[in-house]
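**Q** here is the input, now give the coordinates:
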Amino acid sequence: MRFSVYQISRRGGREKNEDRMGYCYTRDSGLFALADGMGGHPEGEVASQMSLQVLANQFQRDAKPVLKDVRRFLNEAILAGHHALIRYATERALLDTPRTTIVACVMQGREVWWAHCGDSRLYFVRGRKLMARTRDHSYSELQESLAGVVPLGERVNRNVLFTCLGSPGKPVVDIVGPLTMQPGDKVLLCSDGLWGSVEDEDITRQMAALPITEAAPELVEQALRIAGDKSDNVTVIAVEWESAEDEDSAVGISTEELGDEVFASTIQSGVGPGSPDDLLDDEEIERSIREINEAIKRSAQKRS
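**A** From the prediction side, this is the model:
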């Protein structure tokens with residue numbers, strides 16, 4: 001499996017960054033995920049971080065080196081994150097539970113699956129065409145979907161969601177896949193800080209026209225410019241499958257020489273005071289990628 005990946009997160013005009021993103025992989029399977037802690041509830045950054053940690057832990061447990069049932073994994077791992085948030089709030093006697101949206105993608109073999117809960121999105125681009133994107137679990141998106149079926153009143157706030165992780169009821173998890181991938185296919189996962197300011201057509205156009213190392217940061221900067229001082233957190237993780245990456249590139253990864261039990265991850269191990277809260281894609285992320293690539297090379301040398 002060969003892919004290129006680029007991730008970036010900016011705080012925007014908010015006091016803190018409650019978005020989290022990351023990826024992990026074995027020789028034959030890759031997981032890419034993003035979560036957006038919800039404002040109006042306590043500890044959004046804890047909710048987003050915890051949901052990704054649970055997801056990564058489940059992936060490490062189950063991908064040996066492939067997931068036997070990807071759809072089942074996505075559903076169970078995302079719901080496990082939800083239950084972890086409920087336990088976290090109960091153990092600390094919180095009056096309200098930390099909540100988060102989540103979107104996750106698995107690439108395995110020549111196939112791709114994705115799942116989401118809330119309004120963090122995934123865009124699947126092939127060539128210059130937007131092949132698919134997730135549908136937000138928001139009342140505004142539901143309203144648009146039903147526009148031709150039932151009479152509608154006033155438009156509702158796009159930020160009002162009817163499901164998320166940490167909510168009192170069981171979360172709604174939508175799963176798509178498997179879809180067959182082609183070399184050069186690109187996937188973009190993003191928080192609503194991006195798509196709330198940048199139109200789908202612009203996202204598709206830039207993803208199609210530019211390498212992900214240029215498209216992802218440019219889209220983030222565009223969202224920040226448009227939203228101005230009131231910008232939300234803006235987070236993006238972009239992946240190109242089977243890309244002809246430069247062997248020395250910080251964003252190009254080949255897993256072909258990994259052993260059966262090797263697992264690598266860039267998902268941060270914790271949150272709290274002292275955590276990087278503005279740019280999450282700088283030295284720490286690049287250092288993690290370099291360490292992972294070095295581990296790959298050492299594994300290849302041992303095998304040879």
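
**Q** residue ranges with poor pLDDT in this structure?
**A** Within the chain, the stretches falling below the threshold (pLDDT under 70) are 142-159, 243-251, 268-304.

**Q** could you redo the last one with a cut-off of 80?
**A** With pLDDT under 80 as the threshold, the chain has low-confidence stretches at 140-159, 243-252, 257, 268-304.

**Q** sort out which residues of stretch 225-242 are buried, please.
**A** Neighbour-count burial for stretch 225-242, with 16 or more other Cβ atoms under 10 Å as criterion, is recorded at 227, 231-242. To be clear about C-beta, it is placed using only N, CA and C from the backbone, and glycine gets the same treatment.

**Q** could you tell me which of these are located in strands?
**A** Secondary structure from DSSP state E places 234-241 of the buried residues of stretch 225-242 in strands.

**Q** with the buried residues of stretch 225-242 in mind, which one is nearest to residue 57?
**A** Nearest to residue 57 among the buried residues of stretch 225-242 is residue 237, at 18.7 Å by Cβ to Cβ.

**Q** list the residues that contact the closest one.
**A** Residue 237 makes contact with 5-7, 21-23, 32-34, 188-190, 216 under the criterion Cβ atoms under 8 Å, 6 or more residues apart in numbering.

**Q** bridging residues for it?
**A** In this structure, residue 237 has beta-bridge partners residue 7, residue 189, where bridges are defined by DSSP bridges.

**Q** how would you label the residue nearest to residue 33 when sequence neighbours are not counted: helix, strand or coil?
**A** Nearest residue to residue 33 in three dimensions, chain neighbours excluded: residue 104, at 4.1 Å (Cβ to Cβ, 6 or more residues apart in numbering). Using DSSP: H, G, I helix; E, B strand; the rest coil, the structure places residue 104 in strand.

**Q** give me the neighbour count for residue 104.
**A** The local packing of residue 104 (other Cβ atoms under 10 Å) involves 29 other residues.

**Q** touching, it and residue 30? I think so.
**A** No: with the criterion set as Cβ atoms under 8 Å, residue 104 and residue 30 do not qualify as a contacting pair; they are 11.0 Å apart.

**Q** helix, strand, or coil at residue 94?
**A** For residue 94, the secondary-structure state derived from three-state DSSP is coil.

**Q** OK, contacts around it?
**A** Contacts of residue 94 were listed using Cβ under 8 Å, 6+ apart, and they are 42, 88.
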